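>>> A predicted structure for the sequence below; I have some questions about it.
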Amino acid sequence: MKAVKSPQKEVHLKIRKVDFQYSEIPRFYYENNPFSTHFINTLHLLFPDGERFFIDSMIRYKQDIDDPKLKKDIKMFCGQEGIHGVEHEKIVKILTEKGYKTKPFLDIVKGTLKRADKIGTKVAGKSGPLILTVCLEHFTALFAEGMLQNIDISKADPQIAELFQWHAAEELEHKCVAFDLLQEVDGNEYAKRVVLMPIVSFLLYAYIGAGTAYFLTQDRENLEVKKLPQQLNSFVFKFLRQFHSSGVAKWLDFFKRDFHPNHHDNYHLAEAFLEGKRYA
């Protein structure tokens, strides 16, 4: 059963060939808070290989799609995600130059995604990796909405803020593509995705939590013990609350049989950010 699409206006995807350049970035670049900063740093590590996983899960279907618009949207999606990975890898390089050991965690992420591809295919067939992509794209859309709508981005280093706002805008722009492809190629997608979503959700937060702790451990000599309780409180009750502002209700929408990403009307947030940008 194909989900009913909302009347949200049609979005035309665009590959924006950005090339952000970075000067010195503070060690704790979000509100001088190590918890918030390292939560974000973990996303920098997860995104490049995660984006490549998304692309690989979709291009394997390029010969199976006849709809010209969907074919074009897949091409645009892959182009956008590819550039996202490249831009976040720049920050990973900066983190490495600052002395952080990034390779061990990156190796774990790479290994996990390889196993996810194999296990997903074995459990759910050819569409298994695509279903994982759809689940994670639901998260990136929710994260993007929280980023553009509620995060006080003025508390972040402007260079990091620009990177994440641009990324968030494009996540909202292409939030439907993987979902539409999955419905096109797998008539039994609903049962599979609602089973996999809780597993994907748990693993995603497990890796983000582990990555945050991994960075904090490496930074133990740079932490001010007296400030840690207040910084942890600010991280949990301000930053995370804002970041997850879309809430459990919108996460749960994914489990409705007639769900479609367009049911969350949030593209105007992307438009507002991109308006007037030199790369828009």
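Ah, there it is. Residues are numbered from 1 along each chain as shown.
>>> what's the neighbour count on the closest residue to residue 219 other than its chain neighbours?
If the residues on either side of it in the chain are set aside, residue 219 comes closest to residue 34, at 5.9 Å by Cβ to Cβ, 6 or more residues apart in numbering. C-beta: built from backbone N, CA, C; applies to glycine. Residues near residue 34, counting by other Cβ atoms under 10 Å, number 25.
>>> likewise for the one 5 residues further on?
Other residues within reach of residue 39 by the criterion other Cβ under 10 Å amount to 21.
>>> now swap in residue 213 and tell me
13.
>>> go on, residue 215?
There are 23 residues near residue 215, going by other Cβ under 10 Å.
>>> re the thing from before, from what I can see the residue nearest to residue 219 touches residue 223, true?
Yes. With contact defined as Cβ atoms under 8 Å, residue 34 and residue 223 form a contacting pair (5.9 Å).
>>> between these two, which contacts overlap?
Overlap between the contact sets of residue 34 and residue 223, as judged by Cβ atoms under 8 Å, 6 or more residues apart in numbering, is given by residue 216.
>>> so what's the residue nearest to residue 219 up against?
Counting by Cβ under 8 Å, 6+ apart, residue 34 touches 28, 215-216, 219, 222-223, 231.
>>> residue nearest the middle of the chain, spatially speaking?
Centre of the chain computed as the mean C-alpha position; nearest residue by Cα atoms, centre = their mean is residue 140, 3.7 Å away.
>>> in which helix or strand does it reside?
Assigned by DSSP states H and E, residue 140 belongs to helix 128-149.
>>> just residue 90 next, same as before
Counting by DSSP H and E, residue 90 is part of helix 68-97.
>>> show the average pLDDT along that helix.
Average pLDDT, helix 68-97: 97.
>>> list the buried residues for whichever helix or strand comes after it?
Moving toward the C-terminus from helix 68-97, the next helix or strand (DSSP H and E) is helix 103-124. Under the neighbour-count criterion of 16 or more other Cβ atoms under 10 Å, helix 103-124 has 105-106, 109, 112-113, 116-117, 120, 124 buried.
>>> could you check the angle helix 103-124 makes with helix 68-97?
Here the directions of helix 103-124 and helix 68-97 differ by 150 degrees (axes from the mean of the first three to the mean of the last three Cα atoms, to 10 degrees).
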